[in-house]
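Trainee: predicted model and sequence below, questions to follow.
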Amino acid sequence: MARFLTDMIGRMAAHIASEIRKRDACTRLDAATWQTRMARRNKRRRPPEAGALIPAIPPRGPPPLAGGAEAPLDFSDR
């Protein structure tokens, strides 16, 4: 009985190992495919205007905010 169980466990372990090898063979990538995927993944995506040399703040200073005249600042208590 013990020999039967030992053989059964051995066969089950061999079957599981072969299934794992089959699965790994299907998912394993060759070096060229791996390099291509990593190159695509690590590529910096930049908008087309990113290469233009434009200062962040215009030389005359920032443009004024849109709107009318300044609001009067009156802090007196009424």
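Mentor: Everything's here; your move. Numbering: from 1, shown residues only.
Trainee: how about the helices in the chain?
Mentor: Per DSSP state H, the chain carries helices over the ranges 2-27, 31-42.
Trainee: avg pLDDT for the shortest one?
Mentor: Yep, that's helix 31-42 we're talking about. pLDDT averaged over helix 31-42 equals 76, rounded to a whole number.
Trainee: equivalent analysis for stretch 45-54, please.
Mentor: The model assigns stretch 45-54 a mean pLDDT of 73.
Trainee: neighbours of Gln35, just the number please.
Mentor: Counted with other C-beta atoms under 10 Å, the neighbours of Gln35 add up to 11. C-beta coordinates here come from the backbone N, C-alpha and C atoms, glycine included.
Trainee: ok, Asp30 next?
Mentor: Quick note: Asp30 (other C-beta under 10 Å) scores 8 neighbours.
Trainee: for the one 10 residues further on, same thing?
Mentor: Summarising burial for Arg40: neighbours were counted as other C-beta under 10 Å, giving 8.
Trainee: can I get the helices of the chain in JSON lines including distance to Pro72?
Mentor: Supplementary listing: the helices of the chain in JSON lines, determined by distance: least, C-beta to C-beta, whole Å:
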{"stretch": "helix 2-27", "distance to Pro72": "72"}
{"stretch": "helix 31-42", "distance to Pro72": "56"}
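Trainee: of the ones you listed, which is nearest Gly61?
Mentor: Using C-beta to C-beta as the measure, helix 31-42 is the one of the helices of the chain that comes nearest Gly61, at 39.3 Å.
Trainee: how far out from the middle of the chain is the closest one?
Mentor: 14 Å (C-alpha atoms, centre = their mean, to the nearest Å).
Trainee: with just CA atoms, put it into PDB.
Mentor: Extracted in PDB, the C-alpha atoms of helix 31-42 (Å, rounded to 0.1, in the frame of the first residue of the first chain):
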ATOM      1  CA  ALA A  31      15.400  38.100 -26.200                       C
ATOM      2  CA  ALA A  32      14.400  40.100 -29.200                       C
ATOM      3  CA  THR A  33      10.700  40.200 -28.200                       C
ATOM      4  CA  TRP A  34      11.600  41.100 -24.700                       C
ATOM      5  CA  GLN A  35      13.900  44.000 -25.800                       C
ATOM      6  CA  THR A  36      11.200  45.300 -28.100                       C
ATOM      7  CA  ARG A  37       8.600  45.300 -25.400                       C
ATOM      8  CA  MET A  38      10.900  47.000 -22.900                       C
ATOM      9  CA  ALA A  39      11.900  49.700 -25.500                       C
ATOM     10  CA  ARG A  40       8.200  50.500 -26.100                       C
ATOM     11  CA  ARG A  41       7.400  50.500 -22.400                       C
ATOM     12  CA  ASN A  42      10.300  52.800 -21.400                       C
END
